[in-house]
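K.L.:
build me a structure from this.
(one chain, ligands or ions: 1)
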Amino acid sequence: MTDFSATKALFTLPEGMIYLDGNSLGPLPRATAARVAQTVTEEWGKMLITGWNKAGWMDKPMHVGDRIARLIGAEAGHVVMGDTLSIKVYQALAACLDLNPKRRVILSDTGNFPSDLYMAEGLCRTLGQGYELKTVAPEAVLDAIDDTVAVTMITEVDYRTGRRHNMAEITARAHAHGALTIWDLAHSAGAFQVELAACGADFAVGCSYKYLNSGPGGPAFIYVSPRHADHALPALSGWQGHAAPFAFDLDYRPATGAERLRVGTPPILQLAALEASLDIWDRVDMQDLRIASLALTDRYIAGIEASCPSLILATPRDHAMRGSQVSFRHPEGYAIMQAMIARGVIGDFRAPDIIRCGFTPLFIDETDVDHAVAIIADIMQNSLWDRPDYKTRAKVT
Ligand SMILES: *Cc1c(COP(=O)(O)O)cnc(C)c1O
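P.N.:
Purely as a prediction, here's the structure:
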């Protein structure tokens, strides 16, 4: 059994704060500062350029990718770190369109995170030739997969509602219709065990600064199935994805496997921060995590519904359709979230009316949930959110 009180002790959390936003920016592990400092002083400071060999910097994107592979059910050697999630979405899309050249449709859903949709639109504009992005309601994705679809681009867990798609079912239908699949795991990696290989996923992408706690701006990851790894042609053909970067050839020759999805110089300091967090993840059994996560989200839903009738649940009750976050709707959701934050319950607001809270057993327990529910009940029952200063929107919500 994973000891979640032990993992909680491995994070730095401000006194009195109940942090329900690890799904947006994971908290700081206690070991991170020293790990980054060591990389700075002992590696960068003393080794300088030789660190690329001596400290193994060059291999970090693949080594760290392998540690994430366990959490997402990927084959070793098929996950690589780098860039941001938006960039990795673009890369995966371009590769899939190239692998499925007779088709013109990218299928996604209207619940997807805008950046994924923007990247797809941008790629279609660049390619021309009739490429188009088609979006349908999340519930309609399965039926919308037909023989025109080149690739499905689906975020497994909806960032707003926390609704979870059925990866196995959608992937099987896509393949039956000759389409490829890209899974965005932004709200899945570290939320529950993902089974990319078992589901037959073609590509997957995700970020490390949410549930995986690598810190603001931590690198993204990309997965390519072994079926495609040596055929996918990177549209972003940077030198670090070259078969021999230090041959400095004038022509691009992709590396074998997932390594070809590297673009430029990897962020070594952020990777060091991520490694400190992955040391915690190494102690976590993903089945234990899921059981604990569902218990927390069930408890929060029951507590809020019992005390705050004006908050409307936006997250599915069905466990199979739920990630590790819970969202409630309210027209004054922004002001309510500001009132929560003022009382030390940190979640976030997602337009137009979503009060979103993420629950991760790594550092949130049942006592935290009960405290958060009591504070939210007080805010709702006494209209403590109804203040002008809570209604002025900040740049980041
Ligand atoms: C968080 C998130 C992003 C953010 O992309 P970045 O390039 O890392 O800023 C993209 N897509 C989804 C689905 C997300 O949840």
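K.L.:
and residue 257, how close does it get to residue 83?
P.N.:
In this structure, residue 257 lies at 17 Å from residue 83, with Cβ to Cβ, to the nearest Å as the measure. All C-beta atoms are positioned from the backbone trio N, CA, C, and that covers glycine.
K.L.:
who's more crowded, the two?
P.N.:
Between residue 257 and residue 83, counted using other Cβ atoms under 10 Å, residue 83 has the larger neighbour count: 24 against 18.
K.L.:
quick check: the more buried one is in a strand.
P.N.:
No. With the criterion set as DSSP: H, G, I helix; E, B strand; the rest coil, the secondary structure at residue 83 is coil rather than a strand.
K.L.:
got the contact list for it?
P.N.:
Residues near residue 83 by Cβ atoms under 8 Å, 6 or more residues apart in numbering: 91, 219, 220, 263, 264.
K.L.:
looking at it, the fourth one is touching residue 82, isn't it?
P.N.:
In this case it means residue 263. Yes. Using Cβ atoms under 8 Å, residue 263 makes contact with residue 82 at a distance of 6.1 Å.
K.L.:
so what sits against both of these two?
P.N.:
When contacts are counted by Cβ under 8 Å, 6+ apart, residue 263 and residue 82 have residue 240 as shared neighbours.
K.L.:
helices of this protein, start to end?
P.N.:
Secondary structure of the chain, counting by DSSP state H: helices at 4-8, 32-38, 46-47, 51-54, 60-72, 85-99, 114-127, 141-144, 167-176, 196-199, 268-281, 286-307, 333-342, 366-381.
K.L.:
could I get those helices as a markdown table with distance to residue 323, mean neighbour count and mean pLDDT?
P.N.:
Rendered in a markdown table, the data for the helices of the chain read as follows (distance: least, Cβ to Cβ, whole Å; neighbours: other Cβ atoms under 10 Å; pLDDT from 0 to 100):
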| stretch | distance to residue 323 | mean neighbour count | mean pLDDT |
| --- | --- | --- | --- |
| helix 4-8 | 18 | 14 | 97 |
| helix 32-38 | 25 | 16 | 98 |
| helix 46-47 | 41 | 12 | 98 |
| helix 51-54 | 38 | 15 | 98 |
| helix 60-72 | 14 | 21 | 98 |
| helix 85-99 | 16 | 23 | 98 |
| helix 114-127 | 16 | 17 | 98 |
| helix 141-144 | 16 | 17 | 98 |
| helix 167-176 | 12 | 18 | 98 |
| helix 196-199 | 16 | 18 | 98 |
| helix 268-281 | 17 | 22 | 98 |
| helix 286-307 | 9 | 18 | 98 |
| helix 333-342 | 19 | 22 | 97 |
| helix 366-381 | 16 | 18 | 98 |
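K.L.:
do you know which of those lies nearest the ligand?
P.N.:
Each of the helices of the chain was checked against the ligand via Cβ to the nearest ligand atom, and the shortest separation belongs to helix 85-99, namely 3.3 Å.
K.L.:
then that closest one to PDB, C-alphas only?
P.N.:
Output in PDB follows, covering the C-alpha atoms of helix 85-99 (Å, rounded to 0.1, in the frame of the first residue of the first chain):
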ATOM      1  CA  LEU A  85       2.600  20.800 -24.600                       C
ATOM      2  CA  SER A  86       1.300  23.100 -27.300                       C
ATOM      3  CA  ILE A  87       4.500  22.400 -29.400                       C
ATOM      4  CA  LYS A  88       4.100  18.600 -28.800                       C
ATOM      5  CA  VAL A  89       0.500  18.700 -29.900                       C
ATOM      6  CA  TYR A  90       1.600  20.300 -33.200                       C
ATOM      7  CA  GLN A  91       4.400  17.800 -33.600                       C
ATOM      8  CA  ALA A  92       2.100  14.800 -33.000                       C
ATOM      9  CA  LEU A  93      -0.500  16.200 -35.400                       C
ATOM     10  CA  ALA A  94       1.900  16.900 -38.200                       C
ATOM     11  CA  ALA A  95       3.400  13.400 -37.900                       C
ATOM     12  CA  CYS A  96      -0.100  11.800 -38.000                       C
ATOM     13  CA  LEU A  97      -1.200  13.800 -41.000                       C
ATOM     14  CA  ASP A  98       2.000  12.700 -42.700                       C
ATOM     15  CA  LEU A  99       1.400   9.100 -41.800                       C
END
